[in-house]
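# Based on what follows, work out the 3D shape:
(chains A and B)
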Amino acid sequence: MNFAIEVRGLTKTFVSGWLTRRKKEALTDVNLSVPEGVFWGLLGPNGAGKTTLLSIISNLLIPEQGEVRVLGKDLRKNATEICSRINLSSGHANFLWSLNVRENLEYYAMLYGLSGKKRRQRVEDLVDLFELSEFAKVRFDELSTGTKQKLSLAKSLVNDPALLLLDEPTVGLDPDVAHRIREAIQRLHREKGTTILMTTHNMKEAETLCDRIAFIKDGTIKALGKPKELKNELRLGDTIVIVFSGPLHAESLQGLKGIYDALQTSDSSCRILVDDLHERLPQILDFLIGEKVFIHDLRIEESDLEDVFMAFAR
Amino acid sequence: MSLWLLQDELTKTRAFVFKNWIMTKRNVFTLFEILFWPLVAFLSVGFLTEFAALQPEMKAFILVGVISMSAVQVCQLDVAYALLYDVWSKAVKHGFAAPVGIRHLLFGSLIVGIIRGGTVFVLLVAASYLLFGFDFTLPGALPVAIFVLGLFLSAAMVGVFVCILILVFGNRAEVAAWSLVSLMLLLCGVYYPVSVLPAWVRGLAEIIPLTYFLEYFRLFYGFPPIFSHVLAKGYGMVIVYLVIEVFAMKVALQRAKRTGLLLKLSE
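Predicted coordinates for the structure are as follows:
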């Protein structure tokens, strides 16, 4: 398997202050392997080290220890070559204030070595792709937050990167613009197979977009895998709430396979925590029918990535 | 170097020309830098020479100084702006995430600096002829070219030094973009010969290339140089300093990546 990112034993400490030096460990012995073509999410609370990790991979920060290989090459030895094949977009984007949308794209396209017709065509394609035509001649400092974010994404594609690093790409955007940005990212991943590493606080976004997730907290990766695997690992499961009449004690359900917990909430209701809803629901219904329990109401509460996030963040 | 590599180098250099040029065009402030302040400084000094009824050679001495300083100031600002525009726009990380080198930044911004500094130079040379009867072209085309090239290399040296300071101390070092040249004004013998400086200050003047370029050019107006081999010293120093500075800027950039300053400049 080819990896777009391989990080081994990465440690980064920030030192601040001139007289009294304060140290803050941002990353501690981080290991991460992102296969090519995968959409990878990096989740964690504020200050967990997500942006630090992304910045190291994009050669904007140098770690104290550890090895970083990007697109199969050692970042330290091949920084310029790697930088020409990756790109970065971040939330709360900032670009040169006096340059308009098209000029900013032209400028960054030139920095990535695109010249002449090829550059002009690329800029036009990106302006069209992100529906920026009507803002093409608007200066950056006059753009709305959403349009700035679209420009940030467009800029991150000027060099048609093999690896795209997205740092909270929809932060601070209204739901409609955020949805369109998400669609554009998804389309890019689907159509071009670009490897994407994205940090986000939006769990729905991560669940919708990401093939794999890594949870980072206090500078270390606590868990990684597919969203469903993470839920199982934490025994978060799904909850079935049943309102019933008849002779049922919730504890009697605990002997069934795949039941994490069963709790009687009142004489006529209980909450059952199961590992996999689709597998366990028929089994529970069979059991209740066998016990001659009459079901008045049944409600499902599926756990999501937010529950996983909360469990890890605690 | 292959044709593709050459084109790549030129395109990346052109990016900095493009950025500085458009930022210059769009900001009224930069118009003041080219027209207002140099003209005000030049005219006030020019009229002072008239009022003081200075001999033509003394007037030449001072006007050469004031014209040179204005050209150096404007040109060095452009080199510093290559980084400062990104700092002010909080876009530093996007520039340094791209596969560009310090050479692209330096040459690209210096081209715009030469255009802007050259404009100021031509403007003031014309004004000095029309208003004060001073002929800057008297030494001939070659000496003028040698002198002006020395000025622009000195400007590049100051501009890169400002960039290094910003990469080490952050945006609080931006004040250096305007104050370093003033320090040179004091030390390099712009309005007076360095011989009038106290001995220990003269030592400082001797390590600044601009001192030698001014000495060289004033030779044509009847002021024998205090120092020997002025051109060799001036060019030798400025080239050595630039090479050291490019290396120092690389080190400063790596340091900024280690300390996280590069990211802080984007926040």
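
# In contact with whichever residue of the stretch 101-250 of chain B sits closest to chain A: list those residues for me.
Nearest residue of the stretch 101-250 of chain B to chain A: B:G101, at 7.5 Å (Cβ to the nearest Cβ). For the C-beta atoms, the positions are set from N, CA and C on the backbone; glycine is no exception. If a contact means Cβ atoms under 8 Å, 6 or more residues apart in numbering or on different chains, then B:G101 has A:80, B:12 as its contacts.

# Over to the one 10 residues further on?
Applying Cβ under 8 Å, 6+ apart, one finds that B:I111 lies in contact with B:13, B:17.

# B:V238 versus that one, what's the distance?
Distance, B:I111 to B:V238, by Cβ to Cβ, to the nearest Å: 18 Å.

# Also B:E50?
Taking Cβ to Cβ, one finds B:E50 at 34 Å from B:V238.

# what do you get for B:Y81?
According to Cβ to Cβ, B:Y81 and B:V238 sit 20 Å apart.

# Look at these two and report which has more neighbours.
With neighbours defined as other Cβ atoms under 10 Å in any protein chain shown, B:Y81 and B:V238 compare such that B:Y81 has more, 28 against 24.

# how long is stretch A:75-83 end to end?
9 Å (Cα to Cα, to the nearest Å).

# what about chain B, any weak spots by pLDDT?
B:1 (pLDDT under 70).

# one more time with 50
Filtered on pLDDT under 50, chain B yields no residues whatsoever.

# ok, B:F18 - contacts?
A:103, A:106-107, A:110.

# Those residues of chain B touching chain A, which are they?
Residues of chain B lying close to chain A by Cβ under 8 Å from any Cβ of the partner chain are B:7-8, B:10-12, B:14-15, B:18-19, B:22-23, B:26-27, B:85-86, B:88-91, B:93-101, B:254, B:257-260, B:262-263, B:266.

# If any of those residues are buried, put those into a PyMOL selection.
Per 16 or more other Cβ atoms under 10 Å in any protein chain shown, the buried members of the residues of chain B next to chain A correspond to this PyMOL selection:
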select buried, chain B and resi 8+10+11+12+14+15+18+19+22+23+26+85+86+88+89+90+91+93+94+95+96+97+98+99+100+257+258+259+260+262+263+266
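
# list the helices and strands the helix-or-strand element of chain A with minimal mean pLDDT packs on?
Of all helical and strand segments in chain A, the minimum by mean pLDDT, DSSP states H and E falls on helix A:305-313, at a mean of 72. The contact analysis (3 or more Cβ pairs under 8 Å, 6 or more residues apart in numbering or on different chains; DSSP states H and E) places helix A:305-313 against strand A:39-43, helix A:203-209, strand A:212-217, helix A:227-233.

# Give me the residues contacting the next helix or strand after the first one.
This means strand A:39-43. Counting by DSSP states H and E, the next helix or strand C-terminal to strand A:39-43 is helix A:50-57. When contacts are defined by Cβ under 8 Å, 6+ apart, helix A:50-57 is touched by residues A:5, A:7, A:10, A:12, A:26-27, A:30, A:32, A:42-44, A:61-63, A:68, A:70, A:75, A:86, A:88, A:90, A:165, A:167, A:197, A:199, A:216, A:219, B:93, B:263.

# And the helices in the stretch 1-150 of chain A, which stretches?
For the stretch 1-150 of chain A, the helices defined by DSSP state H, counting those that start in this stretch cover A:50-57, A:79-85, A:101-111, A:116-129, A:145-156.

# Kindly reformat those helices as TSV and extend each row with mean neighbour count.
Shown next, in TSV, are these (neighbours: other Cβ atoms under 10 Å in any protein chain shown):
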stretch	mean neighbour count
helix A:50-57	25
helix A:79-85	18
helix A:101-111	25
helix A:116-129	15
helix A:145-156	23
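
# Next to chain B in this structure, residues from chain A, please.
For chain A, the contact set with chain B under Cβ under 8 Å from any Cβ comprises A:14-15, A:51, A:55, A:58-62, A:80-81, A:83-84, A:87-88, A:90, A:94-99, A:103, A:106-108, A:110-115, A:119, A:139-140, A:155.

# again, 7 Å this time
Contact residues (Cβ under 7 Å from any Cβ of the partner chain) of chain A with chain B: A:14, A:55, A:58-62, A:80, A:83-84, A:88, A:94-99, A:103, A:106-108, A:110-115.

# which one is residue 50 nearest to, not counting chain neighbours?
All of this refers to chain A. A:T199 (4.1 Å; Cβ to Cβ, 6 or more residues apart in numbering or on different chains).

# nope, chain B please
B:F132 (6.9 Å).

# Touching, the residue nearest to A:K50 and A:P169? I think so.
No: under the contact definition of Cβ atoms under 7 Å, A:T199 does not touch A:P169, with a separation of 8.8 Å.

# of the two, who's got more company?
A count of neighbours by other Cβ under 10 Å puts A:P169 above the other of A:T199 and A:P169, at 28 against 25.

# Tell me which residues touch residue 248, please.
As the question left the chain open, I've gone with chain A. A:288, A:291, A:293 (Cβ atoms under 7 Å, 6 or more residues apart in numbering or on different chains).

# other chain: chain B
B:A248 touches B:I164, counting by Cβ under 7 Å, 6+ apart.

# Now it: phi and psi?
phi -60, psi -30 (degrees, to the nearest 10).

# so how far is A:C83 from it?
In terms of Cβ to Cβ, B:A248 sits 22 Å off from A:C83.

# next one: A:F14
According to Cβ to Cβ, A:F14 and A:C83 sit 23 Å apart.

# Ok, B:R172 next?
B:R172 is 28 Å from A:C83, by Cβ to Cβ.

# likewise B:F121?
37 Å.

# Same question for B:L77.
According to Cβ to Cβ, B:L77 and A:C83 sit 28 Å apart.

# Could you check how many residues crowd around residue 200?
I went with chain A, as the question did not name one. 24.

# hmm, I had chain B in mind actually
7.

# Repeat that for the one 4 residues further on.
By other Cβ under 10 Å, the residues close to B:L204 number 15.

# got the contact list for it?
Shown in contact with B:L204 (Cβ under 7 Å, 6+ apart): B:L187.

# Name the nearest residue to B:L110, ignoring sequence neighbours.
B:A156 (5.2 Å).

# And A:Y260, by the same measure?
A:L273 (4.2 Å).

# got the residue ranges for the helices in the stretch 151-267 of chain B?
Under DSSP H, counting those that start in this stretch, the stretch 151-267 of chain B gives helices at B:176-187, B:199-205, B:209-218, B:230-259, B:261-264.
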